[in-house]
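1. one predicted model, sequence on top.
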Amino acid sequence: MELAYIPSPSRGVIHLGPIPLRGYAFCIIIGVFVAVWLGNKRWIARGGRSGTVADIAVWAVPFGLVGGRLYHVITDYQLYFSEGRDWVDAFKIWEGGLGIWGAIAFGALGAWIGCRRRGIPLPAYADAVAPGIALAQAIGRWGNWFNQELYGRPTDLPWALEITSSTDGRVPGTYHPTFLYESLWCIGVALLVIWADRRFKLGHGRAFALYVAAYCAGRAWIEYMRVDDAHHILGLRLNVWTALIVFALAVTYLVVSAKKRPGREEVVEPGAAADGEVEGDEEADGEKAATDSSDRSEASEASDDSDTSDTSDAESKKESSDAAESAKKS
């Protein structure tokens, strides 16, 4: 008898008239907004302009969605192209199925295009948005909860996930909530990258590489717990191998980059520093004008006081002269 468990939602979509509102889509959208918001704050702190992250995200996000879906469809092609399946379902992204590996790869391509159009180095941009991407993944994983998918082995732990759906081969019961494990891990990755970036002044793509390495380390053991169908190579799931390989590449980049290009970029967005100088000059001119005006005002007041004093002295002398003449006559 289970004393406690995480209940699954009775449904993952709510219809507002003819419009379906899907929990999976909402999680993805909220994650994107959080990533752009945090990335923008970090970009400004590095010396970039406000709004640049969002402008480049217009390229990165669509590319990422396409890449994530392509990776999922290619690696799980039997779900869409085997006998009895409808290949049209491959386009139903709202039903779940985004491979993070394809999303990051294609998203990076889109970001590169956006950065190239703005004359911005991609590594600097990647460093700024890395923690935000991790938080977006943490939020996006709750979309799997709405769809009752990507859970682990059966368990009776108090935080077990209850699966009630029996569609697509699911067996109702309580399982390890691997979506929750990955969500919490991604939050930890975001905090790690923010701390390490402040502590070691990571630059030239090393903050992004740290995010990739840390995420892969967690994804490997979380993926190993999952029980959904997947291709296996030498006894390990395909995504476990992918995580191990990408982890090794990220660590290699960290080490090599630190030796070849230590430190952090001094300029991340051409012209941003100049804009700041122009604003500073305008403020200085305003202060100078106010100071000059104040000086002129004080000089004018001093002149008025001098004139008043001179008039008063003249009147006093005249009164003394009149008094002397009157005394003589007397």
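-> It's in.

2. what about residue 189, which SS state?
-> Applying DSSP: H, G, I helix; E, B strand; the rest coil to residue 189 yields a three-state assignment of helix.

3. any idea how far it lies from residue 119?
-> Using Cβ to Cβ, to the nearest Å, we find residue 189 at a distance of 30 Å from residue 119. No exception for glycine: its C-beta is placed from N, CA and C like everyone else's.

4. who has more neighbours, those two?
-> Per other Cβ atoms under 10 Å, whichever of residue 189 and residue 119 has more neighbours is residue 189, with 26 against 9.

5. if I look at the more buried one, what pLDDT would I see?
-> pLDDT, residue 189: 98.

6. contacting residues for it?
-> Residue 189 sits next to 131, 134, 211, 214-215, 218 when contact means Cβ atoms under 8 Å, 6 or more residues apart in numbering.

7. with residue 135 instead?
-> Applying Cβ under 8 Å, 6+ apart, the residues contacting residue 135 are 31, 34-35, 38, 186-187, 190.

8. just to be sure, it is in a helix?
-> Yes: checked against three-state DSSP, residue 135 lies within a helix.

9. returning to that earlier point: closest one of the contacts of residue 135 to residue 63?
-> Ranked by distance to residue 63 (Cβ to Cβ), the contacts of residue 135 are led by residue 35 at 14.2 Å.

10. hmm, the closest one is touching residue 128, no?
-> No: judged on Cβ atoms under 8 Å, residue 35 makes no contact with residue 128 at a distance of 10.5 Å.

11. between these two, what contacts are shared?
-> Contact with both residue 35 and residue 128 is made by no residue, according to Cβ under 8 Å, 6+ apart.

12. switch the contacts of residue 135 over to CSV; also include secondary structure, distance to residue 257 and neighbour count.
-> Below are the contacts of residue 135 laid out as CSV (DSSP: H, G, I helix; E, B strand; the rest coil; distance: Cβ to Cβ, whole Å; neighbours: other Cβ atoms under 10 Å):
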residue, secondary structure, distance to residue 257, neighbour count
31, helix, 27, 23
34, helix, 27, 18
35, helix, 23, 26
38, helix, 23, 22
186, helix, 23, 27
187, helix, 26, 16
190, helix, 21, 25
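
13. can you put those in a markdown table and add distance to residue 177?
-> Output for the contacts of residue 135, formatted as a markdown table (distance: Cβ to Cβ, whole Å):
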| residue | distance to residue 177 |
| --- | --- |
| 31 | 18 |
| 34 | 21 |
| 35 | 23 |
| 38 | 25 |
| 186 | 14 |
| 187 | 15 |
| 190 | 20 |
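
14. residue 222: which of the residues you listed is nearest?
-> Nearest to residue 222 among the contacts of residue 135, counting by Cβ to Cβ, is residue 186 at 10.3 Å.

15. what about the closest residue to residue 187 other than its chain neighbours, which helix or strand?
-> Leaving aside its sequence neighbours, residue 187 sits nearest to residue 138 (Cβ to Cβ, 6 or more residues apart in numbering; 4.9 Å). Applying DSSP states H and E as the criterion places residue 138 in helix 122-140.

16. heading C-terminal from that helix, find the next helix or strand.
-> helix 142-146.

17. contact partners of that following helix?
-> With Cβ under 8 Å, 6+ apart as the test, helix 142-146 has contacts from 8-9, 12, 22-28, 96, 150, 161, 177, 179-180, 183.

18. quick one: mean pLDDT for the following helix or strand past that helix?
-> On the C-terminal side of helix 142-146, the nearest following helix or strand under DSSP H and E is strand 161-163. What strand 161-163 shows for mean pLDDT is 93.

19. mind giving me the packing neighbours of whichever helix or strand comes after strand 161-163?
-> Later in the chain than strand 161-163, the nearest helix or strand by DSSP H and E is strand 173-175. If contacts are counted by 3 or more Cβ pairs under 8 Å, 6 or more residues apart in numbering; DSSP states H and E, strand 173-175 sits against strand 161-163.

20. distance of residue 162 from residue 141?
-> Distance from residue 162 to residue 141, counting by Cβ to Cβ: 17 Å.

21. same check on residue 135?
-> Distance of residue 135 to residue 141, given as Cβ to Cβ: 11 Å.

22. over to residue 225?
-> The gap separating residue 225 from residue 141 is 14 Å, by Cβ to Cβ.

23. mind listing the strands for the stretch 201-330 of the chain?
-> Counting by DSSP state E, counting those that start in this stretch, one finds strands in the stretch 201-330 of the chain at the ranges 232-233, 236-237.
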